[in-house]
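K.L.:
3D, please:
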Amino acid sequence: MKKLIKGIVDFRRHTLPAYRVTFAKLAKSQSPDCLFIACADSRVVPNLFASTNPGDLFVVRNVGNLVPSHEVPSEDTSVSAALEFAVMALNVKDIVVCGHSNCGAMKGLLGSPLPSGAASLSHWLAHGQQSLDRMHAAGDADAHLPDYDRLSRANVLQQVEHLRSFPFVLEREEKGTLRVHGWWFDVGNADVHAWEPKLGWTLIDEEVGARILGEPIED
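P.N.:
Predicted coordinates for the structure are as follows:
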C-alpha cells in the first residue's frame with residue numbers, strides 16, 4: 001500500500017501534467033483498439049511492455065487468462081460480459097489472449113497444491129482442463145520448456161478457440177472486421193511472442209510486427 005500511495009502522489013506531481021489533455025478527452029468517451037486478455041499475475045503489465053497509453057486497451061485480467069467457452073455454461077459471466085462489451089459496444093478490431101512464463105495457474109493445473117480452502121480458485125481453474133489435454137496431445141512441442149510453460153502456451157491457443165466459440169466473435173472474424181491473436185510473455189527476458197500458425201511461436205520484432213499489422217482488416 002505504501003508503494004501505491006507514493007505512486008499516486010508521484011503521478012500527480014510529475015506525470016499528470018503531460019496527460020491532462022488525454023484524460024480530459026477520455027472523460028467523455030473511450031475507443032480502444034484492442035481487447036487484451038491477460039493473467040492477473042503482478043509481473044504481467046500490458047501497458048508497460050506494449051508501451052500503450054490510457055484509452056488504448058480494454059483489459060480483462062484473471063487467474064490464468066482464461067476464457068470460459070460459450071459452449072460450456074458457467075456461473076461466472078464476467079469474461080463473456082467484457083467480451084460482449086468490447087466487441088459489440090466498443091467495436092474493437094483486435095483481441096489478444098496473452099499468457100506468460102512461470103504462471104502459477106498453470107502450475108496449479110499440473111497438480112501443484114492450491115491454498116487450503118480455495119474452492120473458487122479450484123473451480124475457476126477447471127476452465128483450463130482442455131488446455132491441459134491440448135498440451136498432452138501436442139507431444140514434444142516446446143519440449144525445451146518446463147511443463148508449466150508448455151501448458152501456458154497451449155492454454156493461450158485453447159483460449160483463442162474458446163473466443164471463437166462465441167458466435168459474434170466468429171462472425172466478425174470471418175467477415176474480416178475482427179482479428180484474434182495469441183501472445184505469450186517471457187517474464188525473464190521481457191519478450192513477447194506471437195503465435196503464427198505456419199511458424200509457431202515467434203518473437204515480436206519489427207518484421208513480425210509488420211506482418212501482424214499487414215493482415216487485412218476492414219475499417
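K.L.:
who's in contact with R43?
P.N.:
100, 187 (Cβ atoms under 8 Å, 6 or more residues apart in numbering). Bear in mind the C-beta positions are built from the backbone N, C-alpha and C, glycine included.
K.L.:
Confirm that G111 sits in a helix.
P.N.:
No. Using DSSP: H, G, I helix; E, B strand; the rest coil, the assignment for G111 is coil, not a helix.
K.L.:
Report how many residues lie close to it.
P.N.:
9 (other Cβ atoms under 10 Å).
K.L.:
Please apply the same query to G104.
P.N.:
For G104, using other Cβ under 10 Å, the count is 15.
K.L.:
Not counting its neighbours along the chain, what's nearest it?
P.N.:
If the residues on either side of it in the chain are set aside, G104 comes closest to D41, at 7.1 Å by Cβ to Cβ, 6 or more residues apart in numbering.
K.L.:
Can you pull out the low-pLDDT segments for the chain?
P.N.:
5, 7-8, 11, 215-219 (pLDDT under 70).
K.L.:
picking up where we left off before, test my guess that the residue nearest to G104 contacts H100.
P.N.:
Yes. Applying Cβ atoms under 8 Å as the test, D41 and H100 come out as touching, 6.2 Å apart.
K.L.:
between these two, who's got more neighbours?
P.N.:
H100 (23 against 20).
K.L.:
what are the bridge partners for the more buried one, then?
P.N.:
Judged by DSSP bridges, the bridge partners of H100 are F185.
K.L.:
Report the buried residues of stretch 53-60.
P.N.:
Across stretch 53-60, burial judged by 16 or more other Cβ atoms under 10 Å covers 56-60.
K.L.:
hmm, back to that, distance-wise, check the residue nearest to G104 relative to A105.
P.N.:
With distances defined as Cβ to Cβ, to the nearest Å, the gap from D41 to A105 amounts to 8 Å.
K.L.:
Alright, that wraps it up for me.
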